[in-house]
Each structure stands twice: as structure tokens, then as C-alpha cells.
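In: A structural model of the following input is requested.
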Amino acid sequence: MFKKIDNAQLVVFRVFYGLLVSAECYGAIATGWVRKTLVEPKFTFSFIGFEWLQPLPGNGMYIYFAIMGTLGILITLGYRYRFSALAFAVLWTGVYLMQKTSYNNHYYLLMLLGYIMAFLPANRDFSMDAKRIQGFRTTSMYNWVRWMIILQLFIVYTYASVAKLYGDWLDFSIIEILMKSKADYYLIGDILQEKWVHKIIAFFGIFFDLLVVPALLWKPTRKIAFALSIFFHLFNSIVFQIGIFPYLSLAFIVFFFPPSTIRRVFLRRKAMEEEAASLPKNKNLVLAILGTYFVVQLLLPLRHHTFQDDVLWTEEGHRLSWRMMLRSRSGSVRFKVVDKENGKTEVVKLGDHLTKKQRRKVACYPDFTWQFAQYLKKDYAKNGKDIQVFVENKVKVNQGKFQQFIDPEVDLASVPWKHFGHNEWILPSQQEE
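Out: Just a heads-up that it's a prediction; the model follows:
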């Protein structure tokens with residue numbers, strides 16, 4: 001853990017990381033993601049408890065993302081690195097928490113990585129900081145830095161693999177659903193509809209996620225794992241179009257090759273002579289922080305087992321657990337508003353309040369449904385009305401049958417959201433129609 005090793009892996013990764021997050025942020029502006037997700041919606045679904053985090057008005061979010069993109073460039077250059085990396089992490093956390101309509105597990109990984117990178121000595125070489133600060137440059141780091149990144153990846157991939165060991169993945173039905181929307185892809189669209197392709201994707205996904213980190217660590221299988229990683233992540237980039245994250249995953253591979261190889265290929269300079277390694281004075285603090293962090297990372301993906309019913313149905317405990325590309329949800333919903341004073345009932349027109357993507361989420365995901373009920377309560381309160389909100393909806397998971405999802409007798413405007421327990425107004429998955 002506290003052995004001194006060449007820091008070429010971390011330094012090179014910093015350059016890739018900065019370039020990729022910069023591309024992500026500028027790309028979000030250029031592709032219209034910022035406009036569609038944060039500017040146009042009248043109401044933004046934040047993480048519950050973070051409702052105070054709302055998009056900036058006017059052109060504020062464009063400026064926000066431009067600042068994050070610029071911070072990515074500063075990270076790449078290693079200029080005032082600690083500030084640049086931490087500022088990016090905080091700003092990205094803000095984006096992550098203020099909206100979940102476009103939730104992606106990779107956004108969560110980037111948030112974690114943002115804080116990890118901010119506190120690692122990634123600017124000690126091949127950086128503007130190393131040039132401008134006398135005596136700052138060094139070509140070594142403690143070994144725990146490398147293993148922290150590797151262990152984080154191992155957790156992500158392992159949980160992703162284990163989560164795939166369920167019926168709809170193993171009978172390939174969820175793969176079929178995921179590929180249907182890719183039928184119009186040029187050249188590969190028809191191939192992606194083939195059953196044999198679905199089988200390959202299913203088993204390759206399980207075994208790649210489970211074995212890639214050990215295979216990259218073991219020298220005899222490293223080059224094979226590297227080649228398979230290139231194929232796997234480029235496939236994901238082309239088919240699922242998930243931004244920078246396949247390329248970020250490839251950038252992580254620098255931590256698995258010998259530092260001397262990384263330095264020779266990317267930096268083309270020799271490492272300096274280093275002083276003999278010595279244990280840092282804050283050794284126990286470092287171990288305590290790392291231990292606490294990874295205990296949390298190991299337990300969070302397991303929390304859904306403490307909730308009633310199947311996470312695929314209730315969605316409780318799904319986020320922050322590396323459950324990637326496992327389900328497709330569809331549903332229908334109707335919100336009825338009842339005026340407490342006169343008993344008058346009104347059916348809400350969702351199109352007056354929500355975008356098309358938000359309407360799909362509200363129809364299928366319980367936290368979205370609950371949050372929209374809270375929004376309606378506040379919206380009607382502006383006109384001096386005290387209301388109840390009742391929901392009638394049916395939901396289908398993957399290729400299952402539509403079932404009633406929310407208890408239609410419960411006033412969602414008056415019940416609290418339970419973060420650490422099951423919300424009883426979500427009906428059981430075996431509910432008879």
C-alpha cells in the first residue's frame with residue numbers, strides 16, 4: 001500500500017480524464033442535452049432531498065457546462081490542478097443531483113471519480129503545476145493510489161456482472177428489447193436483431209464484467225483482456241451511444257500495464273531518481289478514509305435486499321448499485337387532483353407540465369410519481385387550493401404483463417418518501433389485475 005511506484009499511470013490518466021470530461025461537458029451543450037434536460041423543462045426531477053438544487057435560469061446552465069468543460073482542460077494541463085479537479089467534482093455533483101430524468105450509472109461513476117482524482121497527486125509530473133512550482137515535480141506515488149482505482153473498477157464490474165444473473169437476462173429477452181430500438185442502425189441494425197447475437201451479448205456481458213479486471217491484472221491474459229476491452233467498449237459506444245464513458249473505461253487500462261511501459265509510450269522521458277520510500281505520517285488516516293469509502297461502496301449495491309419485493313419492480317435501491325441495462329419499463333398513468341374544500345376532481349394534463357421523456361418516467365418510476373404529486377400540491381397551493389393527489393397507473397417490466405403499480409387509494413401528496421425503507425403504496429409485483 002505504501003510502497004513508492006512510478007506515477008506515470010496516474011499522470012497519463014489525468015490527461016485522458018481531463019480531455020474526456022471536457023468533451024462530455026462541451027458535447028452536452030453542442031448536442032442539445034443541456035437544453036432538453038435542464039433548460040426546457042418547467043419542472044426538474046432532482047434527487048429526493050435535493051429539491052433546492054435547481055437549474056440556473058436563462059443561459060445559466062450553458063455557462064455552467066462551459067465552466068466545467070474549461071475545468072476539464074485545466075485538469076488536462078495540470079494547472080492549479082487541485083482546485084480545478086475539486087471544482088469540477090462539485091459542479092458535476094450539482095448536475096447529477098439536480099436531475100435524474102437522464103440518470104445513468106456512468107454519471108454516478110464520474111461523480112465518484114471526480115472526488116477521487118481531486119485528492120490524488122496527479123499533477124506531480126507532466127503538468128503546468130510541476131513546471132511553475134519549484135521542487136514540486138516527482139515521478140513517484142504511493143501504491144495505494146493505483147489500487148484505489150483498480151478496486152473501484154473491480155466493484156463496478158463485479159456488481160454489474162452479478163446483477164445480470166437473473167431470468168430476463170439469461171433467457172435473452174431483455175437483450176431483445178434493448179436491441180429493438182437499434183433496428184434502424186446502418187449496417188448492424190439487422191444483425192442486432194438476431195437471436196444468436198443476443199446470446200453472445202448476454203454471456204459476453206456477464207463474463208467480461210466478471211473477469212476483465214483479474215484478466216488485466218494477470219500478465220499472461222493482459223493483452224487479450226485489453227483487446228476484448230477495446231471491442232466491448234467500442235461496441236457500447238456505437239450501439240448505446242453513451243458519451244465519453246466507453247473511452248473513459250479504456251483510459252483506466254493504463255493502471256494495469258507496467259508504469260515503465262506507460263511512461264515510455266506516452267511520456268517518452270525517464271523517471272527521476274527517487275528517495276527511499278518512507279511511511280507517511282498520515283498513514284492511519286489514509287487507511288481509515290480508504291476503508292470507510294470502500295465499505296460504503298461494497299454495501300450500497302446490496303441495500304435493495306433489505307427492502308420488500310423485487311428491485312426490478314419497485315426500483316427501490318436500484319440507483320448507486322451498478323445495475324446497468326437490466327430492465328425496460330413502460331406504463332400508463334393518470335393523476336387525479338381532488339380539492340379538499342369542495343371535493344371537486346380534476347384529471348391533470350401531463351403535457352402541460354412535463355416533457356415527453358419526463359412523462360415516461362412519471363408513468364413508470366415510483367419516485368418520479370411521488371415527486372410529481374408533491375409538485376402538483378405546491379402548484380395548486382399557489383392558487384390557494386389544498387388538494388389530494390391520487391394516481392391510477394399500470395406498469396410493465398421487460399416483457400411481463402401490465403400490473404397496477406401505485407395504490408389508487410393513497411393520497412401521494414400527503415405521504416412522505418422513505419429513503420431507507422419500502423414505500424407501502426407501491427403495490428406488490430404479483431398483484432392480480
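
In: and Asp184, which of the three is it?
Out: What DSSP: H, G, I helix; E, B strand; the rest coil gives for Asp184 is coil.

In: Render the CA-only coordinates of stretch 349-363 in CSV, please.
Out: Output in CSV follows, covering the C-alpha atoms of stretch 349-363 (Å, rounded to 0.1, in the frame of the first residue of the first chain):
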residue,chain,number,x,y,z
LYS,A,349,-52.9,17.0,-18.3
LEU,A,350,-49.3,15.9,-18.0
GLY,A,351,-48.3,17.6,-21.2
ASP,A,352,-49.0,21.0,-19.6
HIS,A,353,-46.2,20.3,-17.0
LEU,A,354,-43.8,17.7,-18.3
THR,A,355,-41.7,16.9,-21.3
LYS,A,356,-42.2,13.7,-23.2
LYS,A,357,-39.3,12.0,-21.5
GLN,A,358,-40.5,13.1,-18.1
ARG,A,359,-44.0,11.8,-18.8
ARG,A,360,-42.5,8.3,-19.5
LYS,A,361,-40.6,8.4,-16.2
VAL,A,362,-43.6,9.6,-14.2
ALA,A,363,-45.6,6.7,-15.6
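
In: quick one: contacts for Phe252?
Out: Listed by CB atoms under 8 Å, 6 or more residues apart in numbering, the contact set of Phe252 reads Phe13, Ile149, Leu153. C-beta: built from backbone N, CA, C; applies to glycine.

In: rerun at 6 Å
Out: Leu153 (CB atoms under 6 Å, 6 or more residues apart in numbering).

In: cool, and Ala183?
Out: Gly189, Gln193.

In: Phi and psi next, for it.
Out: Per-residue torsions, Ala183: phi -60, psi -30 (degrees, to the nearest 10).

In: before we move on, what about Val397?
Out: The phi/psi pair for Val397 (degrees, to the nearest 10) is phi -110, psi 120.

In: If it is in a bridge, with which residues?
Out: Here Val397 sits in beta bridges with Arg329, going by DSSP bridges.

In: Spatially central, which residue of this structure would that be?
Out: Asn105 (2.4 Å; CA atoms, centre = their mean).

In: Is it correct that Trp92 is in contact with Gly114?
Out: Yes - between Trp92 and Gly114 there is a contact under CB atoms under 6 Å: 5.3 Å.

In: ok so, going back, do you know how far the residue nearest to the centre of the chain is from Leu153?
Out: Distance of Asn105 to Leu153, given as CB to CB, to the nearest Å: 13 Å.

In: Also Leu56?
Out: From Leu56 to Leu153 the distance is 34 Å (CB to CB).

In: Which of these two has more residues huddled nearby?
Out: Leu153 (19 against 14; other CB atoms under 10 Å).

In: who's in contact with the more buried one?
Out: Neighbour list for Leu153: Val213, Phe252 [criterion: CB under 6 Å, 6+ apart].

In: Let's verify it: helix, strand, or coil?
Out: helix.

In: got it, and the one 4 residues further on?
Out: The three-state label given to Tyr157 by three-state DSSP is helix.

In: Wait, it touches Leu210, no?
Out: No - applying CB under 6 Å as the test, Tyr157 and Leu210 come out as separate, 7.2 Å apart.
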